[in-house]
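> Sequence isn't available, so here's the structure alone:
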C-alpha cells in the first residue's frame, strides 16, 4: 500500500482543498464523506493564521492494490495518528474516493483526510519531520498486520531499523536490490494534468509501443506518428525526456519504460537487444520488482505485474517466503462492535453543482448532492453530444471548403444571389430609397406661395437630392426620366420599368456565365456535393463523411448507389394468388362511426 502526505498552506485557504476532496465529481465516480465539514477546515486555517503558521493542515492519502474495507482504512488512520501524535479531534475532514485506476487492477477506493497542524490553544505545530520514512514505516507495519503484499519503497533501510525486531526478518528482503523509480513526481503529474494530459495513461501506452517495436528507429517513428517527441534533458543531457503532443513534459523515458539508463542506452545502440527483448522485456516491468517481484513504486501504485493476473491463491502462499510476503492472508477481521473514533460512515454521491453551506447535516448534504449528481450526469451527456456534433460539423465544413478551393480559378459568378436578379425585390428597394426624397421635394413645393418666395432654396435643394438618386440608379439615361415623377402613377411606372430592365440585364449576365463549359462542370459537381452534404447532415453517416474527406468522388459514387438501392426497394404490395377466385367488392362502401 502507499501512504503519502503534503502540507496545505494557510494562505491557500480551505476552498481548493475542500473542493478537491468533497466536490470534485468530474474525477471521482463516488465520494464517501466520512467526517467533517467546510467549517472544520476553516477553523484549522483560522487557528494557523492566528499563530502566524505557514501550514494549516496536513493532507494524507492512503491507497492500496488490494481491496481495503472501511475498517482497514480506519485502522490505518489510527496507526498514522499514533506515529505522528495527533488525536481524533485533529482530523477535520475524511473522505473515501472511488474511481477506476489506470491499470484496472488496483483497488478503486482510496482514502484522503486532513489533520490539523496547529494546536488551537498553545499554537504548537504537529511534528511531521522525516514524514517519508515514517509513512513507509506505517505502511509496512500495516501490510504485515493485515497480510498484504509488501511494497518496496525508497527508504527501506530506515524502515528496517525503525520497526521492532520481530518484523526485521520479513522486511530484510526489501533492502536488497535497486530502489524503485517513479515515472514522474507529484508536481510534474499535477502540471501535466492541468495541461490536459494523462501521464500514467501515456506511460502504459509508451510501454506497449516499446514492446511492439523491433528497432530503436521504429520506436522513435511510432512516437513521432503519435505526436510525441524525445528530447535531451536540460540539466542532464544524457537523459531522454518525453513530451506529449502539446509539448508538455511527461517524464524521463527510462523511468516511463522501467529501465535503468544503461539498459536504455543498450537498446538504443544494439539492434539485437531490441529484437531479443520479447514480451517479457524489462520495459514491461519496474525495477521496483527486483528482487521480490512484488515491490511497487511509492508514487504510482498501479504498475504492471510481471506475473499472470489469474495466479491462484495457493501459488501465492507457496511463494510467500521467497517473494517477501509477510504472513499468510488471515481471515478478514470481524466487524467491530464499537464505532471507529472517526465516527459513522455515510456514503454520499457528490456533485460540484451546488454550494454546501455551513451547518448542513449529512441528510441535507445527501439531498443536495443527489440532485446535483443527476444534473452533472446530464451535463456530461450533453457535453459529449455537443462535442460529437461540433466535430461532425467541422469535418463537413472542411469538406465543403476543400471543394470550393478546387474551383477558385473560375471567373466570378455575376450576381450569385437570386434576390439580386428579382424584379419585385429591386422595385421595392428602389421605392424605399427614392420615395422619401421625392416626398421631401413634393412637400417643399407645396409650401411655396406668393407670400413665401424665399422658400425657393429649399425646393431646389430637395430637387437636387432626388435627381442625384435618379442619376445613381440610371434613370437619367432612359426616357422615363422625362416623366413627371412627382405624379404617383408616373413614379410607380418608372420604378417598375427600371426594376424589370435591371433584373433582365443581370439575368442575362448570369445565364451567360452558366453556359461556359468550365462553369457547367463546376455546377454539376456543386450539385452533387450539396446532395452529399444534405445526406450527411440528415443521416450522420460517419463512414461516408470520412470517405468524402479523403476521396469525394468515391463518396459521391457510393451516395448514388445508395439512392439507387432505395429507389429499387419498393414496398411489396399484397397480391392475390392466381388459383383463388377474385373476391367481388360491393359497389358501395359505407363507413360507420
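Thanks, I have it. Not measured: the values here are computed from a predicted model. Residues are numbered from 1 along each chain as shown.
> When you work out contacts or count neighbours from here on, use the C-alpha atoms and nothing else.
Fine.
> can you pull out the strands in this structure?
Ranges of strands in the chain, per DSSP state E, are 2-9, 30-35, 55-63, 91-98, 109-116, 229-232, 240-243, 249-252, 346-348.
> Give me the below-cutoff pLDDT ranges for the stretch 1-150 of the chain.
Scanning the stretch 1-150 of the chain for pLDDT under 70 picks out the ranges 102-104.
> follow-up on the earlier one: distance to residue 544 added to the strands of the chain, as a markdown table?
Listed next are these as a markdown table, based on distance: least, Cα to Cα, whole Å:
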| stretch | distance to residue 544 |
| --- | --- |
| strand 2-9 | 50 |
| strand 30-35 | 40 |
| strand 55-63 | 47 |
| strand 91-98 | 40 |
| strand 109-116 | 43 |
| strand 229-232 | 33 |
| strand 240-243 | 35 |
| strand 249-252 | 37 |
| strand 346-348 | 45 |
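> State the number of residues packed around residue 242.
24 (other Cα atoms under 10 Å).
> Near the closest residue to it other than its chain neighbours, how many other residues are there?
Of all residues not flanking residue 242 in the chain, residue 230 sits nearest, at 4.9 Å (Cα to Cα, 6 or more residues apart in numbering). Here the count is done by other Cα under 10 Å, and residue 230 has 15 residues near it.
> Same check on residue 75?
14.
> And residue 35, by the same measure?
18.
> Run through the stretch 451-593 of the chain and note the low-pLDDT ranges.
If you take pLDDT under 70 as the line, the stretch 451-593 of the chain has these spans: 451-455, 570-593.
> And the nearest residue to residue 161 once chain neighbours are set aside, how far from residue 157?
Of all residues not flanking residue 161 in the chain, residue 168 sits nearest, at 7.7 Å (Cα to Cα, 6+ apart). Using Cα to Cα, to the nearest Å, we find residue 168 at a distance of 10 Å from residue 157.
> quick one: contacts for the residue nearest to residue 242?
Residue 230 sits next to 220, 240, 241, 242, 243 when contact means Cα atoms under 8 Å, 6 or more residues apart in numbering.
> So which of those wins on neighbours?
Counting by other Cα under 10 Å, top hit in those: residue 242 with 24 neighbours.
> Residue 254 is in contact with that one, correct?
No - look at residue 242 against residue 254 with Cα atoms under 8 Å: they stay out of range, at 9.7 Å.
> Could you give the number of residues near residue 235?
7.
> do you know how far it is from residue 241?
11 Å.
> which secondary structure elements does the longest helix seen in the chain contact?
Under DSSP state H, the helix in the chain containing the largest number of residues is helix 362-406. When contacts are defined as 3 or more Cα pairs under 8 Å, 6 or more residues apart in numbering; DSSP states H and E, helix 362-406 sits against strand 346-348, helix 542-550.
> Include distance to residue 562 when you put those into CSV, please.
As requested, the helices and strands packed on helix 362-406 are exported to CSV (distance: least, Cα to Cα, whole Å):
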stretch, distance to residue 562
strand 346-348, 52
helix 542-550, 11
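> Including mean neighbour count and distance to residue 474, could these go into TSV?
Supplementary listing: those in TSV, determined by neighbours: other Cα atoms under 10 Å; distance: least, Cα to Cα, whole Å:
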stretch	mean neighbour count	distance to residue 474
strand 346-348	16	78
helix 542-550	16	48
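> out of these, nearest to residue 492?
Residue 492 lies closest to helix 542-550 among these, at 52.0 Å (Cα to Cα).
> Show me the shaky parts of the stretch 301-450 of the chain.
301-359, 362-363, 365-366, 379-387, 448-450.
> cutoff 50 now
301-337, 345-352 (pLDDT under 50).
> if we can go back for a sec, which among the helices and strands packed on helix 362-406 is found nearest to residue 436?
helix 542-550 (52.6 Å).
> Which secondary structure elements does that closest one sit against?
Helix 542-550 is packed against helix 362-406, helix 517-539, helix 552-568, with contacts defined by 3+ Cα pairs under 8 Å, 6+ apart.
> Show me how the protein divides into domains.
Here the domain parsing of the chain from the TED database is 2-173, 186-276, 418-448+456-514.
> Could I get the ones you listed in TSV, plus columns for distance to residue 548?
Output for these, formatted as TSV (distance: least, Cα to Cα, whole Å):
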stretch	distance to residue 548
domain 2-173	36
domain 186-276	23
domain 418-448+456-514	26
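> wait, which of those domains is closest to residue 364?
domain 2-173 (12.4 Å).
> Quote the end-to-end distance of the closest one.
Domain 2-173 has an end-to-end distance of 18 Å (Cα to Cα).
> repeat for stretch 483-492
11 Å.
> How far does it sit from its chain's centre?
Put simply, stretch 483-492 sits 67 Å off its chain's centre (Cα atoms, centre = their mean, to the nearest Å).
> And the contacts of that stretch?
Contacts for stretch 483-492 (Cα under 8 Å, 6+ apart): 438, 442, 494.
> list the buried ones in that stretch?
Neighbour counts over stretch 483-492 (16 or more other Cα atoms under 10 Å) mark 485, 491 as buried.
> Equivalent analysis for stretch 367-374, please.
Those would be 368, 369, 372, 373, for stretch 367-374 by 16+ other Cα under 10 Å.
> isn't the residue nearest to residue 161 right next to residue 158, touching?
No - Residue 168 lies out of contact with residue 158 (Cα under 8 Å); the separation is 11.2 Å.
> do you know how far the nearest residue to residue 514 once chain neighbours are set aside is from residue 554?
Leaving aside its sequence neighbours, residue 514 sits nearest to residue 520 (Cα to Cα, 6+ apart; 6.1 Å). Residue 520 sits 21 Å away from residue 554, going by Cα to Cα.
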